[in-house]
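Asker: Sequence plus predicted model, see below.
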Amino acid sequence: MTEENKTEDVKPGDDRDPRVLEEPGTGEQSPGDDYRGPPDWEIEDEPENPWMWGLWVVVLAILFGVGQTILLIGAVLQFLWLVFGKEKNQNIADFGKDLADWLARVALFQTGATEQKPFPFARWGGEE
C-alpha cells in the first residue's frame with residue numbers, strides 16, 4: 001500500500017469516537033480546517049466586441065429581410081386557406097406567432113435593447 005491509501009487500523013472495541021465528515025460545499029468547517037470558503041469573485045461574460053456586435057446586426061438585418069419574405073408567403077397562404085377552406089390553418093397561425101416573436105427579438109438585439117441574440121443562439125418560438 002502507498003502512504004496515500006493507508007488508513008488507520010481500527011479494531012473492534014476501540015473506544016474512539018467516529019469522525020463526522022462535513023457535507024461538501026456547505027461552507028461549514030471543523031476547527032483546524034484550512035478551508036477558506038468559496039472565492040468571492042464571480043465569472044462574468046466579457047462584454048461583446050462592438051465590431052462583432054455590428055457584424056451580427058448586419059447578418060441579422062439580412063435574415064430579418066428573409067423573415068419578412070417568409071411572413072408575406074405565410075400571409076398569402078393563410079389568405080388562400082381562408083378563401084378556399086373557409087377556416088384558418090392553425091399550423092400557419094402558430095408559425096406566424098413564432099416568426100413574429102423572432103422578428104421582435106431581432107429588432108430588440110439590433111437596437112441594443114437586449115444583449116440576447118435571437119435564434120439560432122436562443123430557442124425558437126415565443127415564451128411559454
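Answerer: Great, that's in hand. Numbers count the residues shown, from 1 in each chain.

Asker: okay, CA-based contacts and neighbour counts for the rest of this
Answerer: OK.

Asker: Relative to residue 76, how far out is residue 52?
Answerer: Distance of residue 52 to residue 76, given as C-alpha to C-alpha, to the nearest Å: 36 Å.

Asker: And for residue 59?
Answerer: For residue 59, the distance to residue 76 (C-alpha to C-alpha) stands at 26 Å.

Asker: Does residue 115 belong to a helix, a strand or coil?
Answerer: Secondary structure state of residue 115, per DSSP: H, G, I helix; E, B strand; the rest coil, is coil.

Asker: give the contact list for it.
Answerer: When contacts are counted by C-alpha atoms under 8 Å, 6 or more residues apart in numbering, residue 115 touches residue 109.

Asker: what do you get for residue 16?
Answerer: Contacts of residue 16 by C-alpha under 8 Å, 6+ apart: none found.

Asker: Now it: phi and psi?
Answerer: As for residue 16, its main-chain torsions (degrees, to the nearest 10) stand at phi -80, psi 140.

Asker: Just the local confidence number for it, please.
Answerer: What the model reports as pLDDT for residue 16 is 72.

Asker: What segments of the chain are helices?
Answerer: Taking DSSP state H as the test, the helices found in the chain are 50-85, 90-110.

Asker: among those helices, which is the most enclosed?
Answerer: Mean neighbour count (mean count of other C-alpha atoms under 10 Å) peaks for helix 90-110 among the helices of the chain, with a mean of 17.
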